[in-house]
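Colleague: Any chance you could fold what I've pasted below:
(chains A and B)
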Amino acid sequence: MNNFSYTPAATAKEALGLRKDTKEAAFIAGGTTLLDLMKANVEAHPQLIDINQLPFKGIQETADGLRIGALERMSDVGENALVMQQYPVIAEALLLSASPQLRNMASIGGNLLQRTRCGYFRDPAFPCNKRNPGSGCPAQVGDNRNLAILGTSEACIATNPGDLAVALVALDAVVVLENAKGKQRRVPLLDFHLLPGTTPQRETILEPDELIVAVTVPAAAHARKSHYVKVRDRASYAFALVSAAVGLEVQGGQIRSARLALGGVGTKPWRALEAEKMLVGRAATEETFRTAAAAAVRGAQPREHNRFKVEMAQKTLVQALQELMAS
Amino acid sequence: MDNEPAFFETNGPGTGGIVGQPLDRVDGFAKVTGQAKYSAEYKLPGLTYGVLRTSEIARGKIQSIDTSVAAKEPGVLAILTHLNLPKLAKTPNDPDSKKAIGAPMGFLPLTSDQVHYAGQPVALVVADTYDRAVHAASLVKVNYAVEKPVVSFLDPKAQVFDPEKVQDGKTPGHTRRGNPQEAFAASPIQLTATYEHAINHHNPMEPGATTAVWEGPDRVTVYESTQGVTRTQKALSAMLGLPTEQVRVVTKYLGGGFGCKGSTWPHTILTVQAAKAVGRPVRLSLTRPQQFTSMGHREDQHQTLKLGATREGRLTALIHEKTSTTSPWDNYAEPNSRIINLLYNCPAFESTYQLGRANVMTSTFTRAPGEAPGSFAIECSMDDLAAQLGIDPLQIRLLNYADKDPTNGKPWSSKSLKQCYARGAELFGWSKRNPKNGATRQGRYLMGMGMATASYPVHNNQGTARIRLYADGHALVQTGATDLGTGTYTVMTQVAADSLGIAPDKVRFELGDTRLPTAPNSGGSVAAGTVSSSIYMAAQDVWQKLTKLAIQDKKSPLYRAKAADVVAEKGRLVLKTDKTKGEDFMALMKRADMPDIEGSGQGKYGAGYETGRAPGPADSGHEDDKGGHSMHSFGVHFCEVRVDPEVGTVRVTRWVSVHGAGRILNAKTARSQIIGGSIFGIGNALMEETFRDPNLARYTNASLGEYHIPVNADIPDMTVEFIDEHDPYINAMGVKGIGEISMVGVAAAVANAVFHATGKRIRSLPITPDKVMNSLAV
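Modeller: You can find the predicted model right below:
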């Protein structure tokens, strides 16, 4: 860990101004990812700008849905009655994440920016195109058991970690960003994360002079009837091997709308749009689910140790849909 | 002393029935209030902080090392590298010195420009604060001439060879009994199976840590996170070229060891040398990633077991081969064959070890070394045999029950395995097990029941203890033992209380210091039996001295009695024939104007106790066969699992362990230890795996975030019971030790339950969801 200065900011403008002065500075909210990475010398910042006093708070019902302030903590959102009742997939994903201690610290905005658990990225002794562009990607032929099968490139196969973004991307969440001039823009979460391509170091569309203010989620029948399933190596406190966020609107046994996303398999939170299309208008049967699940992993490019994810992802998706229908 | 060895009897002479009780931990309050000082918590005047800089590469040569930038950082006091490490009298780099030191690894970093494994220390930075040392360590620039490493025994570049001996010379590379090849060939039932084991790391909660302070130019005190202060003292004094007495090692509390703290690893001597270089005390605590490359590991290994049997299920031959990875210098392999040779009545046995050298540090004993992986092979194969013949898995084990030790024909000193089987089966409800595999459903889950036998030897060992009994009724009891966190402080307090006939709160028990009488390393399950016996013997010494005093004291009711007619009972010396005649030790001592009296005793553990023959220095070990009896603890684990047949997740839903392990000193700490060992084994069975990159030979998951050990949600309520055993052959306390056996057979019990649940046999540890899912897809 390098030496750094610590500066609390009272407003977004102040925080972004400090960032402008020191380009390599980082914003800190919960710090649950950032400090780990700094201790491991994966990230080095001369300055940390504490944004916890910024007014990006609140879990509110709006005219067309839900608004979650970027500085709300994972535990508060996961245990919020509105979220649990109207957007169960979000609450479930949050409460299956990390540990209570981490959830009490980690912010919603920070969670969307958490970095991959790829062991090559997290140890500076290894080459890694994401950490050190152009140095190579030993994961391609190495320890890739828990790396991505979808959205990969020759440069990078790092999995986007976490659960919240998977649930949010399924429900068409929008990220609200604000820049130094106080100007806001709204970006669908689907477009927020980038595929690695040849530039895996660039992970989101967030500009250096922008902060995440909030996340909004449109209300919908498929949000009210939604569910999250996470498969992992131990019963708690582990990143997903595979996870599935699903939402359905079913009338008379027929699917009116569907939302599907996968975690643990993509280089970004993986929305399965083609698979959704295969559900809409069909009967909510296991066979339909299986067909959709097959479509969800179409184009997967597994490596030596993560081939199992192709099948596990489909099974998890089917299981999530079946549990949702049974609930 | 009589010729008959002394033996402790509960509620017998001199006891108050405290041994065996579920006494709360005497050190519990100190631990939960933070008063218990671990080795990296001593705040010494002038304390400085050492931080290791370790190698990024696994093989190559240090071409240059630039410390100039780091050295200019504020607070930096010294940077040790291979160019300036203060000279040592001996290093383990040559085999003779390695033996003299008792080093686990035949290479000391910072003595050469060669890099042999990723994570090898290449510099040690000392600064006035920890943070400054950490930062400065990151500024040391090392230029390597990188060479392609050998990754494991499976690497085509690895030279696989047949060692004459493994485990530092303690286990022969080849063993044979009977005519196994012929017997196997003639067997109507022949099973051949290969078992694979991932690398496992001990990961005690407290990482390796050293605080070294030179008290003078040739006198050093080392607060060390070790399972044995004496072994550390021996290693350090040999390397430093100092008389033993001038090296003091202190370990008052240990946050777990599991074998990785059973030897003296490089960071310890490097810290001692750093303290010498800066002339101030130095504290060094390994980081969690460094823990993965500093204190050994359980090696990656394959085992092939050929099992021959009759159609009735009686074993005819066992042929075992193990191939594993070792370091460039040492022939370490945990001795898997021991338990395979011993567990069942089988007339023919053969074992062969093969090693492949790779760019890894030397592996070392990890809880139940040998017994844990060995039991996985034999207990899965026995389960296969049962399945193939349509015999109940418990029945196949009873059919092959060994009434005497099959390796040497000796009778067991005690063996309660049949009682363990019966009680365990009853507690678990084994009779309800569906004989058909893959046929028990609970909702969408597959349920399975499995069991496996456990066994662990009573190793030969010995140790000493000292008691000072005060006339006011208190006692100070001392021995240089270690409490790994398992309850040594507590059980020894109980033993002392009963041996002296006083209440536990009148006993102050001290351990963990080389200034105290020598005790063995706390490893190989020897500590409980050896240390308790030494305390009991020291109490006998006290009673003998007091008896002599009483029978010469005109005012004593025992005046002129024969010493042989006097016994100690609940703190009183009384006549054997008339127990109303006597007095308590306080009255006797006060009358004699004797404020205190000292006694010392030697406790022998295992074969040395039975033969009465001195087995050599404490810690000698490995002369287990010298007695007339074969000495082992035995037990059984029963496991129920719930398998998700879609995605392959396995959860342990019920657990029963029953062990016969001699006298249990404390029902509560013993239960906790069995639970802990079983959880350790469940981790080994289902999730623990360190991954070494197949090209760079560097671990990719050296953290507790990615190296999974069980969390509470993985573990159900566990039932633990013990079968009472009275074993007068093994030591004066009749104790066998339970630290290791708690883990033996656990992985097999889980794997056998998975087999029962799914009908698919997984022979590769850990049994992760992907393996189960793939097995069901076939």
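
Colleague: For the residue nearest the centre of chain B, list the residues it contacts.
Modeller: Geometric centre of chain B, nearest residue: residue B:523, 3.9 Å, by CA atoms, centre = their mean. Going by CB atoms under 8 Å, 6 or more residues apart in numbering or on different chains, residue B:523 touches B:227, B:228, B:257, B:259, B:262, B:365. C-beta here means a position set from N, CA and C on the backbone, and glycine is covered the same way.

Colleague: Mind doing that once more with 7 Å?
Modeller: Residue B:523 makes contact with B:227, B:259, B:262, B:365, according to CB atoms under 7 Å, 6 or more residues apart in numbering or on different chains.

Colleague: again with residue B:725
Modeller: Here residue B:725 is in contact with B:414, B:416, B:660, B:662 (criterion: CB under 7 Å, 6+ apart).

Colleague: Show me which of these is closest to residue B:311.
Modeller: Residue B:311 lies nearest to residue B:416 out of those, by CB to CB, at 30.3 Å.

Colleague: What pLDDT does the model give that closest one?
Modeller: Per-residue pLDDT puts residue B:416 at 98.

Colleague: just the one 3 residues further on next, same as before
Modeller: The predicted local confidence for residue B:419 comes out at a pLDDT of 98.

Colleague: If you drop the residues flanking it in sequence, what lies closest to it?
Modeller: Take residue B:419 and drop its neighbours on the chain: the residue closest to it by CB to CB, 6 or more residues apart in numbering or on different chains is residue B:723, 4.6 Å away.

Colleague: close enough to count as contact, that neighbour and residue B:418?
Modeller: No. Taking contacts as CB atoms under 7 Å, residue B:723 lies outside contact range of residue B:418: 9.4 Å.

Colleague: and these two? which has more neighbours close in?
Modeller: Per other CB atoms under 10 Å in any protein chain shown, whichever of residue B:723 and residue B:418 has more neighbours is residue B:723, with 20 against 16.

Colleague: longest helix of chain B?
Modeller: helix B:527-551 (DSSP state H).

Colleague: Which other helices and strands does that helix contact?
Modeller: strand B:461-470, helix B:488-500, strand B:566-569, strand B:572-575, helix B:585-591, strand B:596-605 (3 or more CB pairs under 7 Å, 6 or more residues apart in numbering or on different chains; DSSP states H and E).

Colleague: Can you add distance to residue A:123, mean neighbour count and mean pLDDT and give those back as TSV?
Modeller: Formatted as TSV, these follow (distance: least, CB to CB, whole Å; neighbours: other CB atoms under 10 Å in any protein chain shown; pLDDT from 0 to 100):
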stretch	distance to residue A:123	mean neighbour count	mean pLDDT
strand B:461-470	41	26	97
helix B:488-500	37	28	97
strand B:566-569	61	20	93
strand B:572-575	65	21	96
helix B:585-591	62	19	97
strand B:596-605	44	22	96
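
Colleague: just so I have it, where are all the strands in chain A?
Modeller: A:5-8, A:26-28, A:47-50, A:59-62, A:65-69, A:174-179, A:184-188, A:210-218, A:226-231, A:242-251, A:254-263, A:270-271 (DSSP state E).

Colleague: outside of the second one, which residues touch it?
Modeller: Contacting residues not belonging to strand A:26-28 are listed as A:15, A:34, A:45, A:48, A:49, A:50, A:51, A:211 [CB under 7 Å, 6+ apart].

Colleague: Nearest to chain B among these?
Modeller: Nearest to chain B out of the contacts of strand A:26-28 is residue A:45 (CB to the nearest CB; 13.7 Å).

Colleague: so what's the closest residue to that closest one other than its chain neighbours bridging to?
Modeller: In this structure, residue A:45 finds its nearest non-sequential neighbour in residue A:26, 4.3 Å apart by CB to CB, 6+ apart. Listed beta-bridge partners, residue A:26: residue A:48 (assigned using DSSP bridges).

Colleague: Which residues of the stretch 201-327 of chain A lie near chain B?
Modeller: Residues of the stretch 201-327 of chain A lying near chain B by CB under 7 Å from any CB of the partner chain: A:231, A:233-238, A:241, A:308, A:311-312, A:315-316, A:319.

Colleague: Pull the most distant pair out of these.
Modeller: Greatest spacing in these, by CB to CB: A:237 and A:311 (24.9 Å).

Colleague: Quick one: low-confidence residue ranges for chain B.
Modeller: Within chain B, the stretches with pLDDT under 70 are B:1-5, B:10-15, B:613-622, B:778.

Colleague: Name the residues of it found near chain A, please.
Modeller: Within chain B, the positions near chain A by CB under 7 Å from any CB are B:56, B:134-135, B:138, B:646-647, B:649, B:651, B:687, B:691, B:693-696, B:698, B:700-701, B:706, B:708, B:710-711, B:713-714, B:768-770, B:773-774, B:777.

Colleague: What's the PyMOL line that selects buried ones from the residues you listed?
Modeller: A single PyMOL command selects the buried members of the residues of chain B next to chain A (16 or more other CB atoms under 10 Å in any protein chain shown):
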select buried, chain B and resi 56+134+135+138+646+647+649+651+687+691+693+694+696+698+700+701+706+708+710+711+714+768+769+770+773+774
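
Colleague: Quick check: residue B:110 touching residue B:80?
Modeller: Yes. Counting by CB under 7 Å, residue B:110 touches residue B:80, with 6.2 Å between them.
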